[in-house]
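A.B. asks: Just need the structure, nothing else, for what follows:
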Amino acid sequence: MFGPKLFTCFLVISFFVNTQSVAQQSKDKQNEGEFKIVNCSHSGVSADYSKPLSITFNQPVDKSSLNEIIVTSGGSSRQPIGGNFQILRGIWIVSQDAKIITFRPSKDFVGGMLISITLTEKFRSLEGNHFKNGKDIISFITDNGNEFGIDTITIDTLKIEDGNVIPLIISLPKNANKIPVLIFVHGGGWTGGTATQSFAALPTGHASTYLTNKLGVTVVGVAYRCKGSNGNFTKAKQDVEDAIQFIKTNAKKYNLDTSRMGLSGESAGAPLSALIAQEDPDIKYYIGINGIYDFENNNIGQFGPGNDFGQQIPSTTANSAISHIRPNPPTTMLIHGNKDITISHIQSEKFNQAVISVGGQSEIRIYDGQPHWEFYMPGGKYEISTLYQIKEFLIKVMGLDVD
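C.D. replies: Numbering: from 1, shown residues only. The predicted model follows:
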């Protein structure tokens, strides 16, 4: 029934399957001694803190190593630098089979807290296997009890420029009055878009929904002409400015409080947003993440040198936010990783000092050892921590009556 070619194919497949099986068995054997977390009772950005905080492991825990667990609020194992880091005291209760540990804090958790559990490599199982998964395994924000609800409004065509359609996205809380606004300018290396279409983006991960649903802040995601849309720095800046003007013009329609209007940008969106924030007196607050604020003195970063997006037209000084800080600058928060080789964290440090030097208010959060984007990307090591820093900043500067 089987011809020679089919039989040869069968032998090859059998060999491949057997090889795969042996490799998997070898991998399984290597992982037999791996000590890891199976489940945690708390996660995400609205954790129910009324329930006990417990962690389940795949192996019994060595009780003598429980002091290698660090529980903190406001930051994860002293991250970020500049954050309101506090060690939380309490005791760990161990289950009968020693695979579940439950934390009993000395002081009860409250809504809106950032809780982080750091397990060091010295933490081990009863079998003597050390914890290998690194630091800051668990971070969550306790539920603040608010549920504003979300209306997502997509404006397909805010305007058309050079045959390019430029949209806008508005994430609007349903149950709020006189709503403060945060306008977001996306990153991406100025790439993306097509000759006929630009794309708007809200902050990724938990950020947009949390700020709207839990804080009652309107989040606006703007679009601007990137390289794929034959854009340049000047065109992109005009697109963002037009989006901001739309929000001002339609504030009454959407019940927005433009006296509490902030602007934010990440990576390639930061130089655009930071410059506009200094030029527009209606922008009261500014949040910059991994941004470049000085094209003239770019330090050691890979992003920004050259003129591939027209960032030197009319000049590097003209397009650098640090050269345009107004006498009463927006209250500012800057976030950066100090192992960022794309845009050096020195950019944020210098911009922070420049705002302070004219009498403005600015604060900076540096994540030690972190690169350009990965630490706050969806599922990133410090995604929730970064969101918490933004959340606390907006509560303070916008006067939000939430936790």
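A.B. asks: what is Asn164 paired to in the beta sheet?
C.D. replies: The partner list for Asn164 in beta bridges (DSSP bridges) reads Glu161.
A.B. asks: is it true that it touches Arg225?
C.D. replies: Yes: with contact defined as Cβ atoms under 8 Å, Asn164 reaches Arg225; the gap is 5.8 Å. Every residue, glycine included, has its C-beta placed from N, CA and C.
A.B. asks: which neighbours do the two share?
C.D. replies: Jointly contacting Asn164 and Arg225 under the rule Cβ atoms under 8 Å, 6 or more residues apart in numbering are Gly193, Ser198, Gly231.
A.B. asks: Least confident secondary structure element in the protein?
C.D. replies: Of all helical and strand segments in the chain, the minimum by mean pLDDT, DSSP states H and E falls on helix 4-30, at a mean of 45.
A.B. asks: who touches whichever helix or strand comes after it?
C.D. replies: Counting by DSSP states H and E, the next helix or strand C-terminal to helix 4-30 is strand 37-40. Residues from elsewhere that reach strand 37-40 (Cβ under 8 Å, 6+ apart): Leu53, Ser54, Ile55, Thr56, Phe57, Asn58, Lys99, Ile117, Asn133, Ile137, Ile138.
A.B. asks: Strand partners (parallel or antiparallel) of strand 37-40?
C.D. replies: Strand 37-40 has these strand partners (DSSP bridges): strand 53-57 (antiparallel).
A.B. asks: Report the buried residues of the partner strand.
C.D. replies: For strand 53-57, a neighbour-count test (16 or more other Cβ atoms under 10 Å) marks Leu53, Ser54, Ile55, Phe57 as buried.
A.B. asks: Likewise for stretch 186-204?
C.D. replies: 186-188, 190, 192-193, 198-204.
A.B. asks: Next, format these as TSV and append distance to Ser267.
C.D. replies: Shown next, in TSV, are those (distance: Cβ to Cβ, whole Å):
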residue	distance to Ser267
His186	8
Gly187	3
Gly188	7
Trp190	9
Gly192	12
Gly193	16
Ser198	17
Phe199	15
Ala200	16
Ala201	12
Leu202	15
Pro203	12
Thr204	12
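A.B. asks: Return the subset of those residues lying in strands.
C.D. replies: Among those, no residue falls in strands (DSSP state E).
A.B. asks: Could you dump the residues you listed into TSV and include distance to Trp373 and pLDDT?
C.D. replies: Listed next are those as TSV, based on distance: Cβ to Cβ, whole Å; pLDDT from 0 to 100:
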residue	distance to Trp373	pLDDT
His186	12	98
Gly187	8	97
Gly188	10	96
Trp190	15	97
Gly192	15	94
Gly193	19	96
Ser198	21	98
Phe199	18	97
Ala200	19	97
Ala201	14	97
Leu202	16	97
Pro203	12	96
Thr204	10	92
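A.B. asks: for those residues, which one is nearest Gln370?
C.D. replies: Of all those, Gly187 has the smallest distance to Gln370: 15.6 Å, by Cβ to Cβ.
A.B. asks: right, and that closest one touches Ser273 too?
C.D. replies: No: applying Cβ under 8 Å as the test, Gly187 and Ser273 come out as separate, 10.1 Å apart.
A.B. asks: quick one on the thing from earlier: of all the shared contacts of Asn164 and Arg225, which comes closest to Ile364?
C.D. replies: Gly231 (29.8 Å).
A.B. asks: Count the residues that sit near the closest one.
C.D. replies: When neighbours are counted by other Cβ atoms under 10 Å, Gly231 registers 25.
A.B. asks: Helix, strand, or coil at it?
C.D. replies: Look at Gly231: counting by DSSP: H, G, I helix; E, B strand; the rest coil, its state is coil.
A.B. asks: in the stretch 51-200 of the chain, which spans are strands?
C.D. replies: Residue ranges of the strands in the stretch 51-200 of the chain, as given by DSSP state E, counting those that start in this stretch, are 53-57, 69-73, 86-87, 90-94, 100-105, 114-119, 138-141, 150-161, 164-173, 179-185.
A.B. asks: Can you tell me which helices and strands the third one packs against?
C.D. replies: Applying 3 or more Cβ pairs under 8 Å, 6 or more residues apart in numbering; DSSP states H and E, one finds that strand 86-87 makes contact with strand 69-73.
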